[in-house]
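Novice: Provided below for reference: sequence and predicted model.
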Amino acid sequence: MRRLRLQRMLKKVIRSFLTLMLLLYIFTILFSRVNEGSFFPNTLGSRRQRLTVKYDINCSGIYDMEPVEVGKSLVVRNKKDAAPSDMKIVKATSDCDRFVVSQGFDAIQGSEFEREFPLAYSLVVHKNADLVERLLRAIYMPHNVYCIHYDQKSSDDFKSAMQGLTRCLPNVFIASKLERVQYAGISRLKADLNCLSDLMETEVKWKYVINLCGQDFPLRTNAELVSDLKMLKGKNMVESKKPGGKEWRWRFHHVLKTDLTEYYESPVTTFEEKPPPPHNLEMFVGSAYFTISREFALFVQRSSLARDFLAWSEDTYSPDEHFWATLVRVSGVPGEVRRYKPDISELESKTRLVKWWYLEEENLYPPCTGEHVRSVCVYGVGELRWLLNYGHWFANKVDPNVDPILIECLEEKLLEKRLISNRQ
């Protein structure tokens with residue numbers, strides 16, 4: 001009888017051990033697939049095969065700059081595989097249930113730590129719906145809120161794709177007022193302000209709002225970003241510097257249109273001098289991109305000073321590059337940066353990591369491994385490790401037509417960090 005009990009106990013122990021070994025084996029396979037880049041949602045069915053899988057490229061090898069893996073990525077880059085068209089996003093979002101599952105949106109869940117600190121996003125975009133969808137998925141959390149502003153000049157297919165995304169994702173919406181966005185004109189600033197106004201009306205009591213464009217990509221998980229933002233304690237992350245020779249942008253009146261219907265390619269400088277800025281504002285310059293607190297956003301919306309400054313900026317050149325930089329220096333605003341404080345340069349403002357050609361020339365940043373477009377580096381895989389470790393929150397610019405492997409490896413590394421965080 002005693003021997004029979006021992007035999008039964010031994011069988012239970014063996015079964016438990018085998019079950020544990022099986023679970024460990026399954027977990028090992030899944031984790032290895034994450035590292036190999038194959039454990040990803042079936043992206044819109046057969047819409048886009050992951051190139052890292054198709055060409056057997058290991059993103060960890062890219063991160064470690066292994067010559068073989070970098071070499072394989074360069075071969076893929078030269079092949080120029082065609083990116084999905086905007087119409088494919090339109091078709092995919094016609095079946096929302098399938099889209100949400102196939103893209104993995106349904107599986108994204110934030111921790112309590114993240115849910116207690118919701119974020120808002122303003123996405124000003126105009127082309128490449130596939131890349132916009134990838135950006136949205138990379139920053140998506142069901143408790144955050146997202147406003148998409150598409151350019152009125154965008155193609156009908158792109159507009160339909162954006163409308164499809166907002167139809168399938170309840171916390172994503174199209175801006176209630178849309179602009180015909182003109183390079184360096186007031187319309188670019190108004191696009192963000194339109195989204196900001198709409199975001200303030202949502203039920204989500206977000207803590208910070210971040211504005212992005214269609215060629216940005218996150219370098220931090222949502223949890224990492226929340227951790228950094230909490231450390232700001234209500235301060236804003238905005239580039240703000242002395243003008244340094246850019247006074248001509250607001251010293252002279254700029255013409256935006258040739259007549260009532262035609263626009264210049266960019267605002268044209270005239271010799272007609274403008275009056276000084278209202279309220280005796282001291283002018284600062286910076287970036288069009290920001291991370292601002294809810295309290296500062298309320299100030300921008302409700303303050304007569306901000307409204308007057310916006311109206312005065314209507315006929316200036318690239319007002320989005322002095323509007324935020326100047327307002328954060330106003331005495332008494334939420335998260336104020338004192339006027340006498342040193343410049344907050346693009347190297348110090350964490351919102352967006354842009355590699356300007358002159359920063360490479362001055363050896364402040366390593367050389368661009370992608371391509372330069374209007375003096376800005378469109379990143380290549382050689383910058384993967386640098387991007388992830390430099391300390392900024394978003395990278396600009398990425399482009400699948402320049403280097404699709406970089407984007408896939410950024411997706412992998414972010415997913416890998418998210419899975420590790422979830423296990424902990």
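Specialist: Okay, I see it.

Novice: Neighbours of D97, how many?
Specialist: Number of residues near D97 (other C-beta atoms under 10 Å) recorded here: 9. Glycine gets a C-beta too; all of them are placed from N, C-alpha and C.

Novice: any idea which element it lies in?
Specialist: Following DSSP states H and E, one finds D97 within helix 96-102.

Novice: Just the CA trace of that helix, in PDB.
Specialist: Listed next in PDB are the C-alpha coordinates belonging to helix 96-102 (Å, rounded to 0.1, in the frame of the first residue of the first chain):
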ATOM      1  CA  CYS A  96     -12.400  47.100 -37.500                       C
ATOM      2  CA  ASP A  97     -12.600  43.900 -35.400                       C
ATOM      3  CA  ARG A  98     -10.100  42.200 -37.600                       C
ATOM      4  CA  PHE A  99      -7.900  45.200 -37.900                       C
ATOM      5  CA  VAL A 100      -7.600  45.800 -34.100                       C
ATOM      6  CA  VAL A 101      -6.700  42.100 -33.500                       C
ATOM      7  CA  SER A 102      -4.400  41.700 -36.500                       C
END
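
Novice: In terms of secondary structure, what does the helix or strand just after that helix contact?
Specialist: Downstream of helix 96-102, the first helix or strand assigned by DSSP H and E is helix 112-115. On a contact count with 3 or more C-beta pairs under 8 Å, 6 or more residues apart in numbering; DSSP states H and E, helix 112-115 meets helix 222-232.

Novice: What helices and strands are in contact with the helix or strand following the helix it packs on?
Specialist: Going down the chain from helix 222-232, the next helix or strand is strand 237-238, by DSSP H and E. Applying 3+ C-beta pairs under 8 Å, 6+ apart, one finds that strand 237-238 contacts strand 290-293.

Novice: average model confidence for the helix or strand following the strand it packs on?
Specialist: Using DSSP H and E, the next helix or strand after strand 290-293 towards the C-terminus is helix 294-302. Model confidence over helix 294-302 averages 98 on the pLDDT scale.

Novice: Repeat that for stretch 397-406.
Specialist: For stretch 397-406, the mean per-residue pLDDT is 96.

Novice: now the end-to-end length of that stretch.
Specialist: Using C-alpha to C-alpha, to the nearest Å, the end-to-end distance of stretch 397-406 comes out at 11 Å.

Novice: buried stuff in that stretch?
Specialist: Judged by neighbour count using 16 or more other C-beta atoms under 10 Å, the buried positions of stretch 397-406 are 397-400, 402-406.

Novice: Check stretch 111-118 too.
Specialist: Residues of stretch 111-118 classed as buried: 114, 117-118 (neighbour count, 16+ other C-beta under 10 Å).

Novice: Give me the contacts around that stretch.
Specialist: 141, 143-145, 204-207, 222-223, 226, 229-230, 421-422 (C-beta atoms under 8 Å, 6 or more residues apart in numbering).

Novice: Off-centre distance for it?
Specialist: Taking C-alpha atoms, centre = their mean, to the nearest Å, the mean C-alpha location of stretch 111-118 is offset from the chain mean by 19 Å.

Novice: ok, back up a step: widest-spaced pair of the buried residues of stretch 397-406?
Specialist: K397 and I405 (15.5 Å; C-beta to C-beta).

Novice: helix, strand or coil for V268?
Specialist: For V268, the assignment made with DSSP: H, G, I helix; E, B strand; the rest coil gives strand.

Novice: what sits opposite it in the beta ladder?
Specialist: In this entry, V268 is beta-bridged to V255, by DSSP bridges.

Novice: Surely it touches K257?
Specialist: No. V268 is beyond contact range of K257, at 9.6 Å (criterion: C-beta atoms under 8 Å).

Novice: For the stretch 251-400 of the chain, just list every one of the helices.
Specialist: Taking DSSP state H, counting those that start in this stretch as the criterion, the stretch 251-400 of the chain carries its helices at 294-302, 304-312, 320-327, 357-361, 384-389.

Novice: Packing partners of the fourth one?
Specialist: It stands for helix 357-361. strand 376-378.

Novice: For the stretch 101-250 of the chain, just list every one of the strands.
Specialist: 119-125, 145-150, 172-174, 208-213, 216-218, 237-238 (DSSP state E, counting those that start in this stretch).

Novice: With mean pLDDT and mean neighbour count as added columns, please give these in CSV.
Specialist: Compiled in CSV, the strands of the stretch 101-250 of the chain are given as follows (pLDDT from 0 to 100; neighbours: other C-beta atoms under 10 Å):
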stretch, mean pLDDT, mean neighbour count
strand 119-125, 98, 24
strand 145-150, 98, 24
strand 172-174, 98, 19
strand 208-213, 98, 24
strand 216-218, 98, 23
strand 237-238, 98, 24
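
Novice: need those in JSON lines with distance to N194, can you?
Specialist: Formatted as JSON lines, these follow (distance: least, C-beta to C-beta, whole Å):
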{"stretch": "strand 119-125", "distance to N194": "9"}
{"stretch": "strand 145-150", "distance to N194": "6"}
{"stretch": "strand 172-174", "distance to N194": "10"}
{"stretch": "strand 208-213", "distance to N194": "11"}
{"stretch": "strand 216-218", "distance to N194": "19"}
{"stretch": "strand 237-238", "distance to N194": "19"}
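
Novice: Which one of these lies nearest to F99?
Specialist: Closest of the strands of the stretch 101-250 of the chain to F99 is strand 172-174, at 12.3 Å (criterion: C-beta to C-beta).

Novice: Not counting sequence-adjacent ones, nearest residue to C59?
Specialist: Ranked by C-beta to C-beta, 6 or more residues apart in numbering and with sequence neighbours excluded, the top spatial neighbour of C59 is C409, at 3.9 Å.

Novice: Enumerate every residue touching that neighbour.
Specialist: Contact analysis of C409 by C-beta under 8 Å, 6+ apart lists 37, 52, 59, 62-63, 381, 384.

Novice: What separation is there between the nearest residue to Y365 once chain neighbours are set aside and K190?
Specialist: Nearest residue to Y365, sequence neighbours excluded (C-beta to C-beta, 6+ apart): L359, at 4.6 Å. L359 sits 29 Å away from K190, going by C-beta to C-beta, to the nearest Å.

Novice: what's the answer for K230, then?
Specialist: As judged by C-beta to C-beta, K230 and K190 stand 31 Å apart.

Novice: Among these two, which residue is more densely surrounded?
Specialist: Counted by other C-beta under 10 Å, K230 and K190 do not tie: K190 has more neighbours, with 19 against 14.

Novice: excluding its backbone neighbours, what's nearest that one?
Specialist: Nearest non-adjacent residue to K190 (C-beta to C-beta, 6+ apart): E179, at 5.3 Å.

Novice: Fine, thanks again, bye for now.
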